[in-house]
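J.: give the three-dimensional model of this entry:
(one chain, ligands or ions: 1)
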Amino acid sequence: MIKFQNVEKIWPNGKHVLRNINLEINAGEFVAIIGLSGAGKTTLLKTINKVNSISSGNIDITMNSGKKYEISKLKGKNLRELRTQIGLMSQEYNNIEKQTVFKNVLSSKVAQINIFRAIIGYFLKNEKLKALEALSKLNLLEYAYVRAGNLSGGQQQRVALARTINQNPEIIIADEPVSALDPILANQVMEDFKKINKELKMTIIINIHHVDLALKYCDRIIGLKDGSIVYDGKPQNISKEVLKIIYGGNY
Ligand SMILES: Nc1ncnc2c1ncn2[C@@H]1O[C@H](COP(=O)(O)OP(=O)(O)OP(=O)(O)O)[C@@H](O)[C@H]1O
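T.: Residues are numbered from 1 along each chain as shown. Below you'll find the model as predicted:
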């Protein structure tokens with residue numbers, strides 16, 4: 001569970017971007033954060049892995065094992081340990097384009113293996129099997145030996161998702177993962193997120209500008225406006241009025 005209590009974020013330039021955030025996200029939820037550009041979505045998402053530190057309040061993460069992390073106090077080894085359990089995805093695919101899809105997925109383990117093995121690129125049989133399993137889950141096996149750079153944008157984003165699940169994280173945070181894709185590919189990638197969420201029981205939190213996709217695939221919607229949560233509930237309860245509150249009168 002991820003629990004935000006009275007979280008505030010003020011950037012050093014004085015910009016107040018998160019205001020009194022109180023939120024509990026349970027293990028296994030698929031959550032979309034929506035809101036206008038500048039509402040604070042990315043800032044909020046990246047407080048979870050402490051890429052952004054908060055100005056006040058608390059964020060506590062309790063893993064399925066029962067281990068608890070108090071984010072504001074985390075540093076060094078403990079912060080690295082938490083980050084291995086949180087997969088981070090973004091709009092850029094961040095694949096190594098010259099390498100095969102398989103190598104890309106295998107490489108996602110580098111942070112978790114012995115440094116000498118990482119340098120020479122030596123992977124154990126079970127690590128290779130796991131990488132193939134991740135590719136199979138996303139129906140990408142036939143591309144295993146294709147260079148990542150030769151794939152379409154949608155396929156590359158799905159390789160990025162395969163890389164992320166190969167780390168075996170409990171939580172995936174994804175910052176606008178479909179905004180560079182056309183509507184068909186964006187739907188496919190959202191299908192994959194949903195599949196990973198349901199089958200692998202990973203908690204997924206995404207920032208997304210496509211309200212239709214958020215409503216179609218996610219179990220819970222959080223609407224942010226000027227750094228405050230103005231909606232937190234089921235997609236079914238999002239009405240035109242709610243969208244007006246989140247996006248303003250012109251929606
Ligand atoms: N490092 C920073 N220093 C100062 N201000 C920042 C920094 N990063 C973001 N901001 C500001 O914080 C506000 C919220 O930005 P954020 O990226 O969280 O919004 P967003 O809702 O994700 O927007 P978008 O949908 O465009 O990605 C913006 O006004 C932005 O300019």
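J.: tell me the phi and psi of the residue lying closest to residue 96 once chain neighbours are set aside?
T.: Distances taken as CB to CB, 6 or more residues apart in numbering put residue 104 closest to residue 96, at 5.8 Å, once the chain neighbours are dropped. (C-beta placed from N, C-alpha, C; glycine too.) Here is the backbone geometry of residue 104 (degrees, to the nearest 10): phi -60, psi -40.
J.: so how far is residue 231 from residue 23?
T.: Distance of residue 23 to residue 231, given as CB to CB, to the nearest Å: 12 Å.
J.: common neighbours of the two, please.
T.: Residues touching both residue 23 and residue 231 (CB atoms under 8 Å, 6 or more residues apart in numbering): residue 222.
J.: distance of the closest residue to residue 226 other than its chain neighbours relative to the ligand?
T.: Computed as CB to CB, 6+ apart, the closest residue to residue 226 that is not its neighbour in sequence is residue 39, at 6.5 Å. Per CB to the nearest ligand atom, to the nearest Å, residue 39 is found 4 Å from the ligand.
J.: got a list of what whichever residue of the stretch 101-250 of the chain sits closest to the ligand touches?
T.: Here the stretch 101-250 of the chain gets closest to the ligand at one residue, residue 207, 6.0 Å apart by CB to the nearest ligand atom. Residues counted as contacts of residue 207 (CB under 8 Å, 6+ apart) are 32, 33, 34, 41, 42, 45, 174, 175, 176.
J.: would you agree the second one is in contact with residue 211?
T.: No: taking CB atoms under 8 Å as the contact criterion, residue 33 and residue 211 are not neighbours in contact, 11.5 Å apart.
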